[in-house]
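Peer 1: no letters, just coordinates:
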């Protein structure tokens, strides 16, 4: 076991930190610490400009292979980049769906034409993507997709009909990758296709969902005879599930240490508050603050284990617990923040419903244990895949 | 960065697991735990002569293997898994650590080779007042001639009734807190030393009361500087906490494993109970606890390694030890407790081993500070710093 980074990696860290110090300022000062879960709807235009700035510096898609315009950065370097980015207060990345999901999928499964057409826009920080997976009847049961894709012989294009939901940044994206049923007779994960769909067309309607936070980061997306070129299906019709699941392997947790840096910022804000308002002297809150500290430290160590894990990309046990662990930890942190604030936690910044940062975090963390696989689904996955316990008989 | 066991470390772990699976069976554990000594002397001889485990992190110059704390932790995890009854923890994780941290050259040269040769050792510092801080030290040392006179009563001394070598903490009369604490090393058969086995709820880890009544030692028994030993002792205790966390991770893992094995066999309502979500979700929570604990443990092991070898990361020892001890204490108790529940009625019997894990979970939880103790220690670091005003 060795916990330190190499001298080359430390030099890379300095380079990243320096570039961010030199560029995340001036006109970009206002986007620092903005965006990301709970704040995704804020300063979108400014954050898109920041994406272009990042691209100019060669800091988008650093983990992509060099032949596709990336830096071919090692796992360690990607971790370092994410850490330094979060440390500097870099805004939530509007480009992250393109960079970490759409792009790697196209690189792995896409045609040469798709690579030429889509990768440069993602690299330049100019073209943004959203994800069309969940549907009203396909939440935890993701394979129960009802959206249909029919091939129209006359036009030589696919026609897509159906509805997606919980699509973040849909109204800010040029493209959506959509899983839709290409074989109407099929069920579950068979007979699906993976489509790259242009958002700016008459057949696509985006409707924001008002959340309990009073804001709208998630959307419903309706497809009514939306059109998709035959060259914009990734893999063959019927391969959609394989392609979609392939995405899960790409992320490899390199952004997790960046996520933890954001959590650390939130935790530090709570500690500061507790020292100021006297909550730091309350023995019960001291225990909970220390418990949150323990939990965050372990989150970091657990990520380090994940990143050192199997090169074959197979999920180790420490990776399988990760979602359940961080989501539960973060949800608890939200409640801790309110309990440290005490009665002041109720008072808003402004009418009608302007939440401060910790209030927003508190309310938004209720979604952490739902999206991306609920805690209950995570427990099923752990029990079945890691512990080998049998599946519940299906009705 | 490579936060995973090397091949050599995996081999050490696997060798330990294989050996313990053979010698630390349920029958062997039950036989050993029902004796006053708490271990099978013939087996301990085998451990020392065939496996050479007692020498694992004793430097080569003193006849040891010269390996690091990560290797030690890999081995301890397996001992926890198999409820190994032996003076390993007291001798290696208290005795050797104390000698390495606080012992002078002459003391290391004398006692470390004795331990390599099979002698056992332990550390006594806490009195009956229930604390684990420097306030727990109530035994006194008084300068007498060229040496010292030691008086006092220690409780909760791991294997204190069987250890050959004692390392004891005593304070200058009238001193309080971290000041005035000294460490001494002496043979357990020194005149004035009396020892009494304390029967314990967890029978797999033996504790004793050690009384020093006018024990006279020479100046050569003093470890480090007189009256200034608390920081060193605290380091020894933190190293021991990491070792206990390793035992806890091993025990928490085995609690989960034997429970899942049982759930896969037990049939109710026409199917194995492992197929019920209410049961699966509890098992999943147990896995989260132990995997998170393992992450905390391995990090602490790396830190402990550097603390002993003088690396920069060693400065984090107190924090890493408290993080690991806080989490792993609760994880082990949670897993063993859930284990009894999931076993159902048979989990409550003496016959099934899950009860042994449940008891060892509690004894390792309280020893050297429970989770609440370590969280408060961390809270002081986080909340009571210079900006606290």
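Peer 2: It's in. Because the structure is a prediction, the values reported are computed rather than measured. Numbers count the residues shown, from 1 in each chain, chains lettered A, B, ... in the order given.
Peer 1: which parts of the stretch 251-389 of chain B are strands?
Peer 2: Listed from the start of the chain, the stretch 251-389 of chain B has strands (DSSP state E, counting those that start in this stretch) covering B:267-268, B:271-272.
Peer 1: close to chain A, is stretch B:276-284?
Peer 2: Yes - contact of stretch B:276-284 with chain A is found when judged by CB under 8 Å from any CB of the partner chain, involving B:276, B:277, B:279, B:280, B:281, B:283, B:284. Where you see a C-beta, it was placed from the backbone N, CA and C, and this is true even at glycine.
Peer 1: tabulate the residues you listed (JSON lines), appending distance to residue A:205.
Peer 2: JSON lines is the format used below for the residues of stretch B:276-284 next to chain A (distance: CB to CB, whole Å):
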{"residue": "B:276", "distance to residue A:205": "43"}
{"residue": "B:277", "distance to residue A:205": "38"}
{"residue": "B:279", "distance to residue A:205": "45"}
{"residue": "B:280", "distance to residue A:205": "40"}
{"residue": "B:281", "distance to residue A:205": "39"}
{"residue": "B:283", "distance to residue A:205": "44"}
{"residue": "B:284", "distance to residue A:205": "39"}
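Peer 1: tell me the most packed of those residues, by neighbour count.
Peer 2: Among the residues of stretch B:276-284 next to chain A, the one with the most neighbours (other CB atoms under 10 Å in any protein chain shown) is residue B:284, at 27 neighbours.
Peer 1: of all the strands of the stretch 251-389 of chain B, which lies closest to residue A:303?
Peer 2: Closest to residue A:303 of these is strand B:271-272 (CB to CB; 34.4 Å).
Peer 1: so where's the longest strand in chain A?
Peer 2: Longest strand in chain A by number of residues (criterion: DSSP state E): strand A:219-229.
Peer 1: quick one: strands adjacent to it?
Peer 2: If you go by DSSP bridges, strand A:219-229 pairs up with strand A:157-165 (antiparallel), strand A:204-208 (antiparallel).
Peer 1: which one of these has the most crowded surroundings?
Peer 2: strand A:157-165 (a mean of 21; mean count of other CB atoms under 10 Å in any protein chain shown).
Peer 1: and it, how far out from the chain middle?
Peer 2: Distance of strand A:157-165 from its chain centroid, counting by CA atoms, centre = their mean, to the nearest Å, is 23 Å.
Peer 1: hmm, who's touching it?
Peer 2: The contact list for strand A:157-165 (CB atoms under 8 Å, 6 or more residues apart in numbering or on different chains) reads A:132-136, A:145-152, A:176, A:178, A:180, A:193, A:195, A:197, A:203, A:209, A:218-230, A:232-233.
Peer 1: cool, and stretch A:332-351?
Peer 2: Stretch A:332-351 is contacted by residues A:263, A:266-267, A:269-270, A:273-274, A:277, A:279, A:285, A:288-289, A:292, A:295, A:354-356, A:358-359, A:361-366 when judged by CB under 8 Å, 6+ apart.
Peer 1: that older thread, list the contacts of the longest strand of chain A.
Peer 2: By CB under 8 Å, 6+ apart, the residues outside strand A:219-229 that reach it are A:130, A:132, A:147, A:149, A:155, A:157-168, A:170-171, A:176, A:178, A:180, A:195-198, A:201, A:203-209.
Peer 1: what does stretch A:48-61 give?
Peer 2: Outside stretch A:48-61, the residues within contact range by CB under 8 Å, 6+ apart are A:16, A:19, A:23-24, A:27-28, A:31, A:68-71, A:81, A:91, A:93-95, A:99, A:103, A:122-126, A:128, A:172.
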